[in-house]
Structures are given as C-alpha cells and as structure tokens.
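**Q** fold the following, please.
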Amino acid sequence: MTTTDQLEADQQAGVVIDAAGLHYRDLNRRVRELVAAGETALTLRNVRGQRYIGDGLKGKDVRITIHGVPGGDLAAFMDGPTLEVFGNGQDAACNTMNDGVVIIHGNAGDALGYGMRGGSLFVRGDAGYRVGIHMKAYKTQIPAVVIGGCVGDFFGEYMAGGTLVVLGLDHKPGKRLVGDYLASGIHGGEIFLRATPDMLPKAPYLSVEPVGADGLKALTPRLRAFAEAFSLDAEELLTGPFTRLTPISHRPFAAKYAPA
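**A** Here you go, the predicted structure:
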C-alpha cells in the first residue's frame, strides 16, 4: 500500500474503536457520543456479538464500518446513516429502520427488516426465517431488502409495503431459493425473485407474474446499488429471469372474521 493509499484508508476509517471485550452498552454509548460530537466516519473492530449498534442514530453523512459479527437489532430505528459489516449479521437487523443503508458482506439471521419503514438492507449471502415481516411503506418512503443468496420460511410474512428481492447467487443444486409459507398474510408491497414461476412454491393468495425488462425499471437502481456494494456485475444481475409477487387482497384473512 502506498502512502497515499494508506492516507485514504485512514481517512475512511475515521475514529477507530476496538470493541474487543467491550459491553454492548459501553460500545454504543461511545458511538453515540462521537456522532453527537460531529464525527461522521467510525470504524469498529473486533465486534463480537454486541447488539443494538447504530440504533436510533441520525445523519445521512454518518458512516460506520464494522469488522466482526454485530449482535441483534443492528440499525434498529436508525434514520439516515450507512452501516457496512465485513462479516455476518445476526437477527432483526433494520428492525423498524426509518432510513439509511445497511450492507452485510456475509450471511444474516432471522426477522431482517422487521417493520422496516425506509432505507435499504443489502445482504451478500443467505438469510434466515421471516425476512421482511411486517415491512411497510409510506408515501415516498419505500424500504427495500435485497438478499444475494437464499432465504428461509415465512419470507415476506404479513408484508404491508416495500420491496423484497432474492437473487439466489451461488445457488447450490437442491437448495431452494425461498422456504415454505412464502409471503403468508401479505397485504401490500412486492417481492422479486430471481427465478421463473415454476421454480417457486405454490401460493394461491399471491399474484405471480414473470417480469421483463420494463417491469424491472423501478427495481434497477436498487440492484445497481447492491452490485456496487459487493463489486458485482449489475448487468448480469438484471438479466434475470425475475418473477414478481404481489398480494391479491388487502384483507388476506377476511374470511376468518365477521363481514365488515
């Protein structure tokens, strides 16, 4: 590395915090104090399961780089910053997040994007169960979760808005792109799966349609941002094939209750 490269790397790292042995409360207190003092670039090293990192933070210009495995509820209620994780993520990342970007270079756990209201979550690898549960959208706030690998059961459960995408990159033979109970209870939003309809589980409560180039126009900026985050070929991602899933009813459980 040249002197110039090292200088640029140091500037990007900003304030460096060694999280080894730090209780999650102490780590998060330090992060909040630095952001409140005007720091916009932080690097957390040796993160080993500390939870709530980035929770409630505000500021579009704030960027936090995390080396290790952050604990649950990463970026919960966050409103603007960018968090990039060089490692795996655990459960409930972006829980009720209002705005911002979270990038996870490994795999991630369950309930990602729970109640998410805005911003983007990009995961390069696989994710667990109940991704996108209760996601919602409001006016111009349209959250998006893009999973590079595969996902488990109950994907998009009770989804009310936003966009979910599964790309199936590095898909191993015999492994399903999505698990069972796909989008059960969905009543809003849309799901894009990089597959043909015949490759997906049957879901009579969903409208299922193949998507051509024109149908991907709204999704293209998100996929380009995903590709840039992980140094992938955006044009190759966009070749598809893609299937779009949307709810056929805004009252999926109407038959279970008395008439309105």
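**Q** is it correct that residue 244 is in contact with residue 211?
**A** Yes: in this structure, residue 244 is within contact of residue 211 by Cβ atoms under 8 Å, at 4.7 Å. (Each C-beta comes from the backbone N, C-alpha and C, glycine too.)
**Q** point out where this structure drops to low pLDDT.
**A** Along the chain, segments meeting pLDDT under 70 span 1-11, 252-260.
**Q** show me where it has its strands.
**A** 15-18, 41-48, 63-69, 79-86, 99-104, 120-123, 144-147, 160-166, 188-193, 206-211, 242-247 (DSSP state E).
**Q** mind checking which of these is nearest residue 30?
**A** With Cβ to Cβ as the measure, strand 15-18 is the member of the strands of the chain nearest residue 30 (6.0 Å).
**Q** got CSV for the strands of the chain, with distance to residue 175 and mean neighbour count too?
**A** Converted to CSV, the strands of the chain look like this (distance: least, Cβ to Cβ, whole Å; neighbours: other Cβ atoms under 10 Å):
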stretch, distance to residue 175, mean neighbour count
strand 15-18, 37, 15
strand 41-48, 29, 18
strand 63-69, 23, 20
strand 79-86, 23, 21
strand 99-104, 20, 24
strand 120-123, 16, 27
strand 144-147, 13, 28
strand 160-166, 12, 23
strand 188-193, 14, 23
strand 206-211, 21, 16
strand 242-247, 17, 20
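**Q** of those, which is nearest residue 225?
**A** Evaluated over the strands of the chain, closeness to residue 225 peaks at strand 120-123, with 6.7 Å, by Cβ to Cβ.
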